[in-house]
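> Just need the structure, nothing else, for what follows:
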Amino acid sequence: MNEETKTMTQETQNREEFIMLPTVDFCFKELMQNARVRQGMIAALLGVEPEEIEETILLPTILHTEYPDDKYGILDVKVILKNETQMDFEMQVTAVSYWTKRILFYLGKMYTDQLKAGESYDKLKKCIHVGILDFIHFPDDDRCYRKIIFCDKDTGKEYTDLLEIHVLELKKLPEKEQNESGIIRWMRFLGAKSRKEFEKMAKEDSYIDEAYEMLKHMSADEKKRLEYEAREKAIRDYHSQMQASREEGRKEGREEGKKEGKKEGVASIITNMLRKGKSPEEIADMTGEDLEEIQEIQKQLL
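Below you'll find the predicted structure:
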């Protein structure tokens, strides 16, 4: 077998082994186009049997950005159930300090956007935001899934069920599967990294099997693969830019710290010289420091 044939064989093998990962939001959004996948995942989130989720309809969404020059943006999935409950799903791989405030903003907007001018508040229906995070948002415990609601602080009694936030932290999943079911099993699927992991879970749940079949179909579609890789690159580039910005910030901080340290050291020397009876003029002549700054230190000392 010559080198060209070996290369072609390797490329074919890589293409056959390639599988899209749901943590790339493009892939997740494509998966949610499948009604049966939506049915299984939503049922797991709401803690009901899939048969109870009679109908789910995708609502149109746009790529919303945090800033005018943000090319990365956020891809989300909006669904309305038969009882008119609205759900917004977001796959988020980047840890951001303002995540909580942003989620509250979009949840509030989803709730208020239901009403047109002059309509009664009676028309408002339940809104749920589902944040699927590939990072740790709550570092103080090991709970990988939580549902957040409005409740009385003292009694814990639920005030209203009209607004909910579901937080799925994929990084907190135990390394090994532990006879999991419901939303934890779906989290395991969403966070999987290989065909072997997907195949194992597909055998245990028909709805996850549907999702895996979708993954295989999308991964074999050359056009979707190119879209996936472009989105993956955009996310990777965004991470690189953020990392570079953080490194630059740390570097500037270190330089500023050195300057501040040097400044404090000089001030300490001047203070000692003043205490030993040296005049500001003498100190300025000996150290080369600004006379006015030395006189200011003298005032503080007095």
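> Could you list every helix and strand that the longest strand along the chain packs against?
Criterion DSSP state E: the longest strand present in the chain is strand 158-169. Packed against strand 158-169, as judged by 3 or more C-beta pairs under 8 Å, 6 or more residues apart in numbering; DSSP states H and E, are the following elements: helix 99-112, strand 127-133, strand 145-151, helix 182-190. Backbone N, C-alpha and C define where each C-beta goes, glycine included.
> Tell me which residues touch the residue sitting nearest the centre point of the chain, please.
With distances taken as C-alpha atoms, centre = their mean, the chain has Q92 as the residue nearest its mean C-alpha position (3.1 Å). Q92 makes contacts with 25, 74, 99, 131-135, as judged by C-beta atoms under 8 Å, 6 or more residues apart in numbering.
> With pLDDT as added columns, please give these in a markdown table.
As requested, these are exported to a markdown table (pLDDT from 0 to 100):
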| residue | pLDDT |
| --- | --- |
| D25 | 90 |
| I74 | 72 |
| W99 | 87 |
| G131 | 95 |
| I132 | 96 |
| L133 | 95 |
| D134 | 92 |
| F135 | 91 |
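> In which helix or strand does the residue nearest to F18 when sequence neighbours are not counted reside?
Among residues not flanking F18 along the chain, S219 sits closest, at 5.5 Å (C-beta to C-beta, 6 or more residues apart in numbering). According to DSSP states H and E, S219 maps onto helix 206-220.
> and that helix, average pLDDT?
Averaged across helix 206-220, the pLDDT comes to 96.
> quick one on the thing from earlier: let me know the closest of the contacts of Q92 to K224.
D25 (13.7 Å; C-beta to C-beta).
> Could you list which residues are in contact with that closest one?
74-76, 90-93, 231, 235.
> Which parts of the protein are helices?
Secondary structure of the chain by DSSP state H: the helices cover 3-17, 25-31, 35-46, 99-112, 182-190, 195-202, 206-220, 222-275, 280-287, 291-301.
> contacts for stretch 160-167?
In contact with stretch 160-167 (C-beta under 8 Å, 6+ apart) are residues 45, 103, 107, 111, 124-131, 133, 137-138, 145-150.
> least reliable of the helices of the chain going by mean pLDDT?
helix 3-17 (a mean of 55).
> Relative to E289, how far out is L104?
Distance, L104 to E289, using C-beta to C-beta, to the nearest Å: 51 Å.
> Between the two, tell me which one has more neighbours.
E289 (17 against 13; other C-beta atoms under 10 Å).
> isn't that one right up against I283?
Yes: the criterion here is C-beta atoms under 8 Å, and E289 meets it with I283 at 7.0 Å.
> Mutual contacts of these two, please.
Residues touching both E289 and I283 by C-beta under 8 Å, 6+ apart: I270.
> about what we covered before: just the buried positions in the longest strand of the chain, please.
163-169 (16 or more other C-beta atoms under 10 Å).
> Of the helices and strands packed on strand 158-169, flag the one that's most buried.
Of the helices and strands packed on strand 158-169, the one with the most neighbours on average (mean count of other C-beta atoms under 10 Å) is strand 127-133, at a mean of 22.
> Next, the angle from that strand to helix 182-190.
40 degrees (axes from the mean of the first three to the mean of the last three C-alpha atoms, to 10 degrees).
> Tell me which other helices or strands strand 127-133 touches.
By 3+ C-beta pairs under 8 Å, 6+ apart, strand 127-133 packs against strand 86-92, helix 99-112, strand 158-169.
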